[in-house]
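Undergrad: Give me coordinates for this.
(2 chains)
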There are 2 protein chains.
Amino acid sequence: MEFYEYLPFWPKLTREQQQYLAQNVTLHHVSKGEVVHNGSEDCVGPLIVVHGQLRGYSFSEEGREVTLYRLFERDVCILSAYCMLNSLQFDISVQAEKDCILYRIPAPVYKKLMQESAPVANYTTELIASRFSDVMWLLDQILYKHLDSRLAAFLVGEAQLNDTTELRLTHEEIAHHLGSAREVVTRMLKYFQTEKMVLIARGCITLLDMDKLREVAKDSLR
Amino acid sequence: MEFYEYLPFWPKLTREQQQYLAQNVTLHHVSKGEVVHNGSEDCVGPLIVVHGQLRGYSFSEEGREVTLYRLFERDVCILSAYCMLNSLQFDISVQAEKDCILYRIPAPVYKKLMQESAPVANYTTELIASRFSDVMWLLDQILYKHLDSRLAAFLVGEAQLNDTTELRLTHEEIAHHLGSAREVVTRMLKYFQTEKMVLIARGCITLLDMDKLREVAKDSLR
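TA: Here you go, the predicted structure:
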């Protein structure tokens, strides 16, 4: 796929804008674990995920981290273009969770297009709104549901009860146990999977990291 | 002040766009306590705060609330234009914290301008980024800071905002603002009282030692 096929605003650019963008886009290979954007220290510009997986996370001075969102193939990472927006007043970092192939649009190039073109600007708004929604979902979980902790506690409890780390449970069954909805449980299980705490297969959930699950479950086990 | 003086993109609109906007803006008087935007149920469009104070908050099914941000005179409330952005996938509400005078731009009118005009689109991006930053600050507080420091910061902030050290707030209201439980807030306030930082009376908290409160709040004050 050519880089422009990832960008829905491409057909709405003028010929000159298309040329300008094409001349400045670069392709990068990034190894798993590499930090591609580090807080307010740099401003690499938007990154298009051609292959692999990125993780956006916040961090405290004491070294604690929280995953805020994940980006997969065809996603565009906009918060690595931190400097383009005066009102983005927070530091996050972005790390390659798998080996990645990324297109990079330099920040000044993207900013120029954004200022000239309403479609580019509106696309940017949608990207920001999308990441904002990810963070709101996380905040909601933390504030109100404690579903992460309740689900982890449930999984740990089941493992102990059945003396196995391979749980034969459907998401529906778990949702019933927790008084939640199946989709909500599925989403949280996927989050646990990306955090390498569990492995989801059809009709079976394998607990991979009991220590981490117990840590998450802590609030509910008291 | 005329409504267009609040909108930095005004001079960059065409004459037709200016007329279109001017014909559709309306002025509203809203009483303290009134909810001006309620989750995904309505889409009133952007609101300009001419006078007064708005509070954006999220809420749980169980009735718990958390204040996400506040808007003051000259601020523009964009999340009340929820429906304009496909990628905004979360519900918040907006309430008048004081009697307010607001200009309202109907959502379809604003959306049309946003699609036509890069300056309007970029202004919108900045507004969203600004609210996103508020929420990231809050998330940071919740994830990494302790409640003592958050409570102290809240009390100091309220004192400055209202220009008084006698705060007419219930523990319940404070708990809502901090996304905590009333009992937890009461316990912490009692601790502050034994430390001679505050004096608790029915419906009123008097701040006795601002220096000490600021010291405790240090971690939470930007």
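
Undergrad: Only C-alpha atoms from now on, for both contacts and neighbour counts.
TA: Noted.

Undergrad: Now for the residue of chain A found nearest chain B: which residues touch it?
TA: Using C-alpha to the nearest C-alpha, the single residue of chain A nearest to chain B is A:Ala118, 3.8 Å away. A:Ala118 sits next to B:114-119, B:121-122 when contact means C-alpha atoms under 8 Å, 6 or more residues apart in numbering or on different chains.

Undergrad: do A:Gln17 as well
TA: A:Leu113 are the contacts of A:Gln17 under C-alpha under 8 Å, 6+ apart.

Undergrad: do you know how far it is from A:Phe9?
TA: A:Gln17 sits 11 Å away from A:Phe9, taking C-alpha to C-alpha, to the nearest Å as the criterion.

Undergrad: Count the neighbours of the closest residue to A:Asp75 other than its chain neighbours for me.
TA: In space, and not counting its chain neighbours, A:Asp75 is closest to A:Val49: 5.6 Å by C-alpha to C-alpha, 6 or more residues apart in numbering or on different chains. Look at A:Val49: counted by other C-alpha atoms under 10 Å in any protein chain shown, it has 22 neighbours.

Undergrad: A:Lys98 now?
TA: The tally of other residues near A:Lys98 (other C-alpha under 10 Å) stands at 16.

Undergrad: Go ahead and confirm it touches A:Gly52.
TA: Yes. Assessed by C-alpha atoms under 8 Å, A:Lys98 is found in contact with A:Gly52 at 5.3 Å.

Undergrad: Can you pull up the residues of chain A that come close to chain B?
TA: Proximity of chain A to chain B (C-alpha under 8 Å from any C-alpha of the partner chain) is limited to residues A:60, A:64, A:85-90, A:114-119, A:121-122, A:124-130, A:132-133, A:135-137, A:139-140, A:143-144.

Undergrad: picking that back up, tell me which helix or strand the residue nearest to A:Asp75 sits in.
TA: Per DSSP states H and E: A:Val49 is located in strand A:47-51.

Undergrad: next helix or strand past that strand?
TA: Downstream of strand A:47-51, the first helix or strand assigned by DSSP H and E is strand A:54-59.

Undergrad: Show the average pLDDT along the helix or strand that that next one is followed by.
TA: Downstream of strand A:54-59, the first helix or strand assigned by DSSP H and E is strand A:65-71. Strand A:65-71 comes out with an average pLDDT of 83.

Undergrad: and strand A:65-71, what does it pack onto?
TA: strand A:54-59, helix A:118-140 (3 or more C-alpha pairs under 8 Å, 6 or more residues apart in numbering or on different chains; DSSP states H and E).

Undergrad: 10 Å - rerun?
TA: If you count contacts as 3 or more C-alpha pairs under 10 Å, 6 or more residues apart in numbering or on different chains; DSSP states H and E, strand A:65-71 packs onto strand A:54-59, strand A:93-96, helix A:118-140, helix A:182-194, helix B:118-144.

Undergrad: JSON lines for the ones you listed, including distance to B:Leu213 and mean pLDDT?
TA: Shown next, in JSON lines, are those (distance: least, C-alpha to C-alpha, whole Å; pLDDT from 0 to 100):
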{"stretch": "strand A:54-59", "distance to B:Leu213": "26", "mean pLDDT": "88"}
{"stretch": "strand A:93-96", "distance to B:Leu213": "32", "mean pLDDT": "93"}
{"stretch": "helix A:118-140", "distance to B:Leu213": "27", "mean pLDDT": "93"}
{"stretch": "helix A:182-194", "distance to B:Leu213": "38", "mean pLDDT": "87"}
{"stretch": "helix B:118-144", "distance to B:Leu213": "17", "mean pLDDT": "90"}
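
Undergrad: do you know which of the ones you listed lies nearest B:Gly203?
TA: Closest to B:Gly203 of the helices and strands packed on strand A:65-71, according to C-alpha to C-alpha: helix B:118-144, at 25.8 Å.

Undergrad: right, and A:Ala129 touches B:Gln89 too?
TA: Yes. Here A:Ala129 reaches B:Gln89: they are 8.1 Å apart, a contact under C-alpha atoms under 10 Å.

Undergrad: neighbour count winner among these two?
TA: Ranked by neighbour count (other C-alpha under 10 Å), A:Ala129 and B:Gln89 place A:Ala129 first, with 22 against 17.

Undergrad: Give me the domain ranges for chain A.
TA: A:3-138, A:146-221 (automatic domain parsing).

Undergrad: Least reliable of those by average pLDDT, please.
TA: domain A:146-221 - the lowest mean pLDDT of the domains of chain A, at a mean of 86.

Undergrad: Tell me what the residue positioned nearest the centre of chain A is bridged to.
TA: Nearest to the geometric centre of chain A sits A:Arg70, at 1.4 Å (C-alpha atoms, centre = their mean). Following DSSP bridges, A:Arg70 is listed with bridge partners A:Arg55.

Undergrad: Just the terminal-to-terminal distance for stretch A:166-173.
TA: Start and end residues of stretch A:166-173 are separated by 15 Å (C-alpha to C-alpha).

Undergrad: Give the buried residues for it.
TA: Judged by neighbour count (16 or more other C-alpha atoms under 10 Å in any protein chain shown), stretch A:166-173 contains these buried residues: A:166-167, A:170-172.

Undergrad: One more: stretch A:115-130?
TA: Across stretch A:115-130, burial judged by 16+ other C-alpha under 10 Å covers A:116-130.

Undergrad: of all those residues, which two lie farthest apart?
TA: Counting by C-alpha to C-alpha, the most remote pair of these is A:Glu116 and A:Ser130, 22.5 Å apart.

Undergrad: and B:Asp209, which of the helices and strands packed on strand A:65-71 is closest to it?
TA: Nearest to B:Asp209 among the helices and strands packed on strand A:65-71 is helix B:118-144 (22.8 Å), distances taken as C-alpha to C-alpha.

Undergrad: who does the helix or strand just after the closest one touch, helix- and strand-wise?
TA: Downstream of helix B:118-144, the first helix or strand assigned by DSSP H and E is helix B:147-162. Applying 3+ C-alpha pairs under 10 Å, 6+ apart, one finds that helix B:147-162 contacts helix B:118-144, strand B:166-167, helix B:171-178, helix B:182-194, strand B:204-207, helix B:210-217.

Undergrad: In TSV: the ones you listed, plus distance to A:Asp148.
TA: Below are those laid out as TSV (distance: least, C-alpha to C-alpha, whole Å):
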stretch	distance to A:Asp148
helix B:118-144	14
strand B:166-167	36
helix B:171-178	20
helix B:182-194	21
strand B:204-207	35
helix B:210-217	29
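
Undergrad: Indicate which one of those is closest to A:Val35.
TA: A:Val35 lies closest, by C-alpha to C-alpha, to one member of the helices and strands packed on helix B:147-162: helix B:118-144, at 20.3 Å.
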